[in-house]
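**Student:** following is a predicted model, sequence given first.
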Amino acid sequence: LLPDRRDYQSDACRVIREADAAGARAPVRLQLPCGTGKTYIMLFAMLDRLRQDPTSTFAILCPWTDLAWQTHRLMATHFGDDRVAFIGDGHVSTDDAPTKVTICMVQVADKLATSLVGRPLSCLFVDEAHHVEDAERTWHQTIATIPCAKRVDLSATFHDPDRVDFDYPMRQAIDEGHIADYCLHIEYFTSGDRMDTLVQLLVDNYLDWGPMFVYFNDVGRCHEAVVKMRERGLACESLNGRDSRRKREDVRARVESGNLRVLALCGMFNEGISIDCLRTVVFGDLRHSDINKIQIAMRANRLHPNKPFYRVVLPLAADELACVDHDHARDLVRSFARVDPKVAEALQNRSTTRIKLRVHQEEADVDAPADADILYEEVYSSCADLLATDRLSLGGWKALLFAYCDEYNKVPSEKEEYEGRRPGLWLQTQKKSIKLETDARYVELSVNMLVKESIDQMLRTRRECADKPKLTPNEWKALLFAYCDE
């Protein structure tokens, strides 16, 4: 049985029909968030067309194997297995007359084009179409040779969102109850090995956060995370692009049944896959692609009775949050703000419902501010600064800092504002990256004597602490009590 059409799905189908009536030759571009039923829009549009012309035929191009088979299952449910063909993943086209819909992998689109010579499609649908926007790419050129009366491109993340024929914004979809709302977790680590702290974070939270996907940029780091989690007694699994379809389906079934709480991924389940029970997405590594960040963040946005909201977890180290020097962290925060204006609003207002901030500070971390409130303020302000359109360059921050020193004859504190900014907070961030007097950042900043004295004091304190033996928590407690007694 078909589900009832939602209002926005009916609107999208109307845009497709109107393009039919106008005889438009350019692709119709539909942008909707992940989880809002783009595949059903394709199905509804096919049924509309078949009512007008029962001889109509269709094809759907998919970039990923798992997404293609997921689409095939839905179409076969409504048209029947014998009327839905599959090209790719070891399968070839069939010329049987009953075929109404062909699901084809983008990578073998040329085979679809060859099979359709002399019998053009009524409509060609391209799913996750942002992958074929570039006119220079081979896929784009091959798709252009597929004979069809009309083409419809669908994506949640077109590179050029201003050139779409229909747009259903993510915030509207959340507010209207069609996809789950989310909470953005910023897990900030002042020091320590990034992988070890990430693994411990997952071990500490897997019961509340699972089932969760943890995304890595390379297979080696993905495997390393799984080994470390298992060493700490956490049952987990990993998938990468080289794993078999059988393993992928088995792992997916274990996630959906609740028997697998943590799945580390590399090059898998980035787009299109629907697993309703998924509750958390963790960025094990920062991502370079703006579109990839958004696609990954939406993996857990499907509605589920046991999931009132989902989490997007951003583990950030101190150097990754430096608002001047680290573009990846800046772009990551901006990615979320671009698709949901409430992110920027939450950062500015220090929201504790939209943004969950936790600071993980080691006891022996002598570089961290003594006042925890200052550290929290530093992280919030740095995240908010990442969204600023008038972001200062390194030279701009230096000039602002030196101007303050000249005017007040002192180094600014972290909380002091000067010309609408906080140069003292920026200086605190720079200090954390300075290890020696020969470091380039030290040389740049020490031309101002007040700033040089402040950095030198920090380096002296760090070295004095490094020379002393590190105490355990119990030893610190005994030392404190001894002082009080004395």
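**Tutor:** Ah, there it is.

**Student:** next structured bit after the lowest-mean-pLDDT helix or strand in the chain?
**Tutor:** Across the helices and strands of the chain, mean confidence by mean pLDDT, DSSP states H and E is lowest for helix 372-386: a mean of 54. Sequence-wise, the next helix or strand downstream of helix 372-386 (DSSP states H and E) is helix 394-408.

**Student:** report the next helix or strand after that next one in sequence order.
**Tutor:** Downstream of helix 394-408 (by DSSP H and E), the next one is helix 423-432.

**Student:** report the distance from that following helix to the chain centre.
**Tutor:** How far helix 423-432 lies from its chain's middle: 28 Å, per C-alpha atoms, centre = their mean, to the nearest Å.

**Student:** which other helices and strands contact it?
**Tutor:** For helix 423-432, the elements it packs on are helix 372-386, helix 394-408, helix 440-445, helix 449-467, judged by 3 or more C-beta pairs under 8 Å, 6 or more residues apart in numbering; DSSP states H and E. Where you see a C-beta, it was placed from the backbone N, CA and C, and this is true even at glycine.

**Student:** now the ones you listed in TSV, with mean neighbour count?
**Tutor:** Shown next, in TSV, are the helices and strands packed on helix 423-432 (neighbours: other C-beta atoms under 10 Å):
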stretch	mean neighbour count
helix 372-386	19
helix 394-408	16
helix 440-445	15
helix 449-467	14
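
**Student:** and the ones you listed as TSV, adding distance to residue 483?
**Tutor:** What follows is the helices and strands packed on helix 423-432, written out as TSV (distance: least, C-beta to C-beta, whole Å):
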stretch	distance to residue 483
helix 372-386	22
helix 394-408	36
helix 440-445	35
helix 449-467	18
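
**Student:** which of the ones you listed comes out lowest on mean pLDDT?
**Tutor:** Per-stretch mean pLDDT for the helices and strands packed on helix 423-432 is lowest at helix 372-386 (a mean of 54).

**Student:** and the residue nearest the centre of the chain, helix, strand or coil?
**Tutor:** Closest to where the C-alpha atoms of the chain average out (C-alpha atoms, centre = their mean) is residue 293, at 2.8 Å. Secondary structure, DSSP: H, G, I helix; E, B strand; the rest coil: residue 293 is helix.

**Student:** thought it was touching residue 299?
**Tutor:** No. At 11.3 Å, residue 293 does not count as touching residue 299 under the criterion of C-beta atoms under 8 Å.

**Student:** list the contacts of residue 260.
**Tutor:** 211, 235-237, 251, 254 (C-beta atoms under 8 Å, 6 or more residues apart in numbering).

**Student:** all helices for the stretch 1-150 of the chain, in order.
**Tutor:** 7-22, 38-52, 65-79, 109-115, 138-143 (DSSP state H, counting those that start in this stretch).

**Student:** helix, strand or coil for residue 172?
**Tutor:** helix.

**Student:** look up how far residue 460 lies from it.
**Tutor:** 56 Å (C-beta to C-beta, to the nearest Å).

**Student:** circling back: and the helices of the stretch 1-150 of the chain, which one's lowest on average pLDDT?
**Tutor:** Among the helices of the stretch 1-150 of the chain, helix 138-143 scores lowest, at a mean of 77.

**Student:** buried set for it?
**Tutor:** For helix 138-143, the buried set under the neighbour-count rule, 16 or more other C-beta atoms under 10 Å, comprises 139-140, 142-143.

**Student:** now whatever helix or strand comes next after that helix against helix 7-22, angle please.
**Tutor:** Next in sequence after helix 138-143, counting helices and strands by DSSP H and E, comes strand 151-155. Inter-element angle recorded for strand 151-155 and helix 7-22: 150 degrees (by axes from the mean of the first three to the mean of the last three C-alpha atoms, to 10 degrees).

**Student:** give me the helices and strands touching strand 151-155, please.
**Tutor:** On a contact count with 3+ C-beta pairs under 8 Å, 6+ apart, strand 151-155 meets strand 28-31, helix 38-52, strand 123-126.

**Student:** I'd like the ones you listed written out as TSV, with distance to residue 79 and mean neighbour count added.
**Tutor:** Shown next, in TSV, are the helices and strands packed on strand 151-155 (distance: least, C-beta to C-beta, whole Å; neighbours: other C-beta atoms under 10 Å):
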stretch	distance to residue 79	mean neighbour count
strand 28-31	21	24
helix 38-52	9	19
strand 123-126	14	26
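
**Student:** of these, which is nearest residue 409?
**Tutor:** Nearest of the helices and strands packed on strand 151-155 to residue 409, taken as C-beta to C-beta: strand 28-31 at 55.1 Å.

**Student:** and the closest one, C-alpha only, in CSV?
**Tutor:** Taking Å, rounded to 0.1, in the frame of the first residue of the first chain, the C-alpha atoms of strand 28-31 are listed here in CSV:
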residue,chain,number,x,y,z
VAL,A,28,14.1,19.6,-13.1
ARG,A,29,16.0,20.0,-9.8
LEU,A,30,14.3,19.1,-6.5
GLN,A,31,16.1,19.7,-3.2
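
**Student:** thanks again, I'm all set now.
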